[in-house]
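**Q** Give me a model of this one.
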Amino acid sequence: MKLKAISPLIIVACIYILIYFAFTSGLINAIIEGQDYNQAVFLPSRAVQNNYETIIGITVLVFGFVGAFMTAKGFIVSKINEKYALLGAGFIILIISMIFMYKIMELKA
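**A** I've put the predicted structure just below:
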């Protein structure tokens, strides 16, 4: 597997994905309604979330994206050992991320 230099396009794409995940995980809701509830616990309401929940949501989404990216990379690698390693690690990270998403939803409900 060859390593290339990081291009500015990759940096811009990563920043775009992080901003997208921030909005997906409820950044606007946390800014508008969650400022009065900034303690390190999950709020039992789905209508309000605090900044900690938003940060946890962004982290879970990023780990899920990394797992999906590793799985996709595993399909295009030609060496069989690298292929199975990337596929296995990608699916494990993706499954762990999904488990955390469901556990967070149980805490919110």
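**Q** Helix, strand, or coil at residue 4?
**A** coil (DSSP: H, G, I helix; E, B strand; the rest coil).
**Q** any weak-confidence spans in this protein?
**A** 1-3, 34-40 (pLDDT under 70).
**Q** Count the neighbours of residue 49 for me.
**A** 22 (other CB atoms under 10 Å). Heads up, the C-betas are built off the backbone N, CA and C, glycines and all.
**Q** what do you get for the one 4 residues further on?
**A** Close neighbours of residue 53, defined as other CB under 10 Å, add up to 23.
**Q** helix or strand for it, which one?
**A** Using DSSP states H and E, residue 53 falls within helix 51-76.
**Q** what's that helix packed up against?
**A** helix 8-24, helix 27-32, helix 80-108 (3 or more CB pairs under 8 Å, 6 or more residues apart in numbering; DSSP states H and E).
**Q** Now do the spatially most central residue of the chain against residue 26, distance only.
**A** With distances taken as CA atoms, centre = their mean, residue 61 lies nearest the centre of the chain, 1.7 Å away. Distance, residue 61 to residue 26, using CB to CB, to the nearest Å: 11 Å.
**Q** Also residue 81?
**A** Applying CB to CB to residue 81 and residue 26 gives a distance of 40 Å.
**Q** Have a look at the two and say which one is more surrounded.
**A** The neighbour comparison of residue 81 against residue 26 (other CB under 10 Å) goes to residue 26, with 20 against 8.
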